[in-house]
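1. Quick one, what's the 3D model for this:
(chains A and B)
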Amino acid sequence: MHRLYTRSPIAKLMWGILSSIIGIVALLLVLVSEVPRMEAQTINWQGRSVENGATLFDSNCATCHGPNGQGLLGRAPGLNSYYFFTPTGRLADVGWAGSLEDYVKLTISAGRPSKTDSQWPEIMPTWGGQFGGPLRGDQVEDLTAYVMNWQESALEQTPEEDLFQPFDDVIKPAEFQNTAFLFLSEEEQTAALEEYKARSIRAPAELWQSEACFACHNLAVRQEDEPGQNGPNLADLFERAGSRVDGLTAEEYVYQSIVDPASFVVLTYEDVGEMPQNFAEKLSEVEIQGLVAWLLDPERDQDQEINE
Amino acid sequence: MGVQQDIREKGVLGAVAAQADSVFTRITAGIDSGEFRRMLQGDPPGRPNPRLKPHAESFLLHIKPTYYHESVTRFTHTFRLGLMSTYLFIVETITGILLMIWYAPTPERAYPDMILLLTNIPFGQFLRDMHRLGAEAMVAIVTLHMVRCYLTGSYKPPRQFTWFTGVLLLVFTLFLSFSGYLLPWDQLAFWAVTIGTSMAEAVPPAVVGEVVNLLARGAPDIGANGLMRFYLLHVLFLPLLLVLFFFVHYYKVVHFGISLPADEEEVGEDTANRVPADKRVYYLPDVLVDETSFMTVITTLLILLTVFFFQAPLEHIANPQSTPLHTVAPWYFYWLQGMLKIADKFVAGVLLPGVLLVLLMAIPYLDYNPSRRGKDRKVAIVAGVVAGTVMIILSWMGTPEYAVQGAPSVEIVQDLMPEEGSGISREIGYKHLPLGIWRTDEEYDVHDHEFNELLHEFYAAVDFYRRSDPDFNAPVGQVSITQDQPGLKKLKWEIFWFDAQGTAGSYEKSFWLHEDSIYWEQYGWKHLFFDYVADGWNELSGANAGE
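-> Residues are numbered from 1 along each chain as shown, chains lettered A, B, ... in the order given. Presented below is the predicted three-dimensional model:
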């Protein structure tokens, strides 16, 4: 029988020396290719981040900002836009001192208030988990990478091609400079505030968008892999709401679910993560009541085309 | 002074040589230079054997026997599997400690740390790949070691307890490898460990199962606490346990000696420790040279595999809200996953593995046949081979090949462009995906070999499910490749079909592919010099070769 075992220590030493040389040569090969390898890996993972961002953008952002980031008039401004990417454009107009990337990251995370006097009256909802939104930090990073990836095509546009000229809110209208309020009497202030509040009650369909309810819930029965998987489907809420929790009517149940979501979680969604807890502070009582009625309205889908 | 006297007695050169020799003897723990030369020349030792001294003087050598029986030093007797297991554990310890430098076990940092390791740490990828390869090799080698000992009957008296500790070491090795699985915090890790720990839940009664599961995961679901626990198990608790039992195991091995080939001794006898003088192979220098050269060869093999072939996978970051389509356990637990498919969680996940483990440890106490010779152990050998075959079949059943086919439309897209990993679409890459709409009911004249291959596989997959699924009639597949952003293509897959009742169905799934993304899993042979980075990937990207 042929035996692998050989008694000659010299042969073994030669094997040892030969294989050490081969091993060292292989390690040297790694050494000289480390710099290009790390470069390739760096852009590889940046590319993957853009890919992840594309998926998130498609399911969460494209409804308002347009599938190609071209923006939708009256909904949300374009991101694939010359005005957005030039340093003298949007950043200068809002007086942002940091980088565009940081501006995008902050806007995604924290949302953006007060564009009410521009051509973009819709509010950018908060998306970052640390501000009560549905996305994790790494997802915000990926989305930012995706938005920033429009830079090249955006800067190729001529300013004329770019539909998104400076926002109307850049030069602020007179009533926006609200210092006169301070000089009113107390009664006048109260009356003005009441009037302001009455004027600023948002419609349920608007809240559905601005509070990003649609990111987790659906108003229509949808395909499995579409967005809106993270919360119960609300298409047939009016049928179920009355029987969810003993002793609560449908209205009371939906009201409680908005104001104090943790008090009852539908079994299937226990592991999914929680609904933001701060709607009681963000919405006025009237708005919540309106939203409850709207969500429970069986005719809702006929009046509203919000979910399409 | 001593020095002066030395010089007076031996002359200057003689005194220096004597001094050098004494330093040499201290380094080698007792072998002087003359004896060393005689060793190299292959001269037999004198009497009393001066080459035994290092075994008394040096710690590392005192745990090795001074000589072996010639028969057990044959490669084909042990295949050096025990040595290799030990050596792999050392490799894992060294690479593991180095990897710990750049790793923090929190959900926020674990995955970014992996990417940092790959992108910014020289030899970072090498260390990670080697650690992963070493871990998988260690599981395989330890298992083979057990198989070898079973086949040669080495567990028989007096080595019953050696076998027992060996089975424990196998269990620790499996857990060690599995606990490391979670640490990259990617989808692969998260879901494999979710499946693994969910088996603990099946321990009866329900309260105990719940508590065990809670202890392992640190919460009802795996999160920050679970990651910390698995990390501590992986880097501290299990290695310490393994080291402890390794020494028990090794002590027993040395104490009883390695069992001789069965036909060299009488049935029922154990003469491993009674080695006739002419059969002795001394550790110094023969076995030492053999073992070191063997380990050097193994190291080189490990390095070559790591450098040129092996990629430790890294999928998307763990997402508790989305389960990947085909979630699999690590390959060494495929058999468990296979059992879980045919029996319930308690029977397949707790009872059978528990019984199996107890049986395995009890083999030496149950097998009363005193003979270690193959021809006397037909039942044992056949039982072993049957058990091995069952394991392999169960393992096959654990893969997605068996009984977890989703809907045809989902499977087709998963074949060509899976959620995780590469698939042919990502393998051929950005530059081989021409823009346009490509349908399986039309023929195209594309001058891109790689893309043709993709189209061909698309036709084949659609056709395969058309023939095998009665609810999948007149199917048409379509992939629309569009330029979504600079350097980013969108692949929108759509499948249309009619079910048996004639109702139309459709399925749609979109993926994006960036030109810089390299799907590492795709290469059998790594692109060592990354020449494609300089070339650029976009020469073909704009051209729609089809229309």
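2. Flag the helix or strand of chain A with the lowest per-element mean pLDDT.
-> The helix or strand of chain A with the poorest confidence is helix A:300-303; it has a mean of 58 (mean pLDDT, DSSP states H and E).
3. Quick check, pLDDT for residue 40.
-> I'll assume chain A. Residue A:40 carries a pLDDT value of 85.
4. right idea, wrong chain: chain B
-> The score at residue B:40 is 82. That number is its pLDDT.
5. What of residue B:238?
-> Looking at residue B:238, its pLDDT reads 97.
6. Next: residue B:515.
-> Looking at residue B:515, its pLDDT is 90.
7. now do the one 4 residues further on
-> Taken from the predicted model, the pLDDT recorded for residue B:519 is 79.
8. residues near it, how many?
-> 17 (other C-beta atoms under 10 Å in any protein chain shown). From N, CA and C alone the C-beta is placed, and that goes for glycine too.
9. Pull the contacting residues for the nearest residue to residue B:327 once chain neighbours are set aside.
-> Closest residue to residue B:327 apart from its sequence neighbours, by C-beta to C-beta, 6 or more residues apart in numbering or on different chains: residue B:191 at 4.3 Å. Contact analysis of residue B:191 by C-beta atoms under 8 Å, 6 or more residues apart in numbering or on different chains lists B:323-324, B:327.
10. Got the confidence number for residue 59?
-> Using chain A. In this model, residue A:59 carries a pLDDT of 90.
11. Chain B was what I was after
-> 90.
12. where does it sit relative to residue B:246, distance-wise?
-> Note on residue B:59: its distance to residue B:246, by C-beta to C-beta, to the nearest Å, is 16 Å.
13. what about these two, which has more around it?
-> Legend: neighbour count by other C-beta under 10 Å for residue B:59 and residue B:246, higher for residue B:246 (18 against 7).
14. list the helices and strands the one helix or strand that one maps to packs on?
-> Assigned by DSSP states H and E, residue B:246 belongs to helix B:238-256. In this structure, helix B:238-256 makes packing contacts with helix B:81-100, helix B:160-181, judged by 3 or more C-beta pairs under 8 Å, 6 or more residues apart in numbering or on different chains; DSSP states H and E.
15. which helix is the longest one in the chain?
-> Going with chain A. In chain A, with assignment by DSSP state H, the single longest helix is helix A:9-56.
16. nope, chain B please
-> helix B:124-151.
17. tell me the mean pLDDT for that helix?
-> Rounded mean pLDDT across helix B:124-151 is 96.
18. does chain A sit close to that helix?
-> Yes. With C-beta under 8 Å from any C-beta of the partner chain as the criterion, chain A is reached by helix B:124-151 at B:125-126.
19. ok now that helix, how far from the chain's centre?
-> The chain centroid and the centroid of helix B:124-151 are separated by 5 Å, computed with C-alpha atoms, centre = their mean, to the nearest Å.
20. Mind listing what's buried along that helix?
-> For helix B:124-151, burial by neighbour count (16 or more other C-beta atoms under 10 Å in any protein chain shown) applies to B:124-143, B:145-146, B:149-150.
21. cool, and stretch B:372-382?
-> Within stretch B:372-382, the residues scored as buried using 16+ other C-beta under 10 Å are B:372, B:377, B:380.
22. could I get those as TSV with distance to residue A:36, secondary structure and pLDDT?
-> Listed next are the buried residues of stretch B:372-382 as TSV, based on distance: C-beta to C-beta, whole Å; DSSP: H, G, I helix; E, B strand; the rest coil; pLDDT from 0 to 100:
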residue	distance to residue A:36	secondary structure	pLDDT
B:372	56	coil	91
B:377	57	coil	93
B:380	55	helix	93
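23. For residue 136, which non-adjacent residue is spatially closest?
-> You didn't say which chain, so I picked chain A. In space, residue A:136 comes closest to residue A:129 once its chain neighbours are excluded; the distance is 5.5 Å by C-beta to C-beta, 6+ apart.
24. that answer is for a different chain, and I need it for chain B
-> Of all residues not flanking residue B:136 in the chain, residue B:177 sits nearest, at 7.1 Å (C-beta to C-beta, 6+ apart).
25. Please name the residues that touch that neighbour.
-> Counting by C-beta under 8 Å, 6+ apart, residue B:177 has contacts B:135-136, B:138-139, B:330, B:332.
26. one step back: quick check, nearest of the buried residues of stretch B:372-382 to chain A?
-> Closest approach between those and chain A, by C-beta to the nearest C-beta: residue B:372, at 19.1 Å.
27. Let me know the distance separating the closest one from residue B:151.
-> For residue B:372, the distance to residue B:151 - C-beta to C-beta - is 10 Å.
28. Then residue B:465?
-> Taking C-beta to C-beta as the measure, residue B:465 falls 44 Å from residue B:151.
29. Same check on residue B:123?
-> In this structure, residue B:123 and residue B:151 are 40 Å apart, going by C-beta to C-beta.
30. Just the pLDDT for the residue of the stretch 51-200 of chain B found nearest chain A.
-> Shortest the stretch 51-200 of chain B-to-chain A distance, computed as C-beta to the nearest C-beta: residue-wise this is residue B:75, at 3.9 Å. Listed pLDDT for residue B:75 reads 87.
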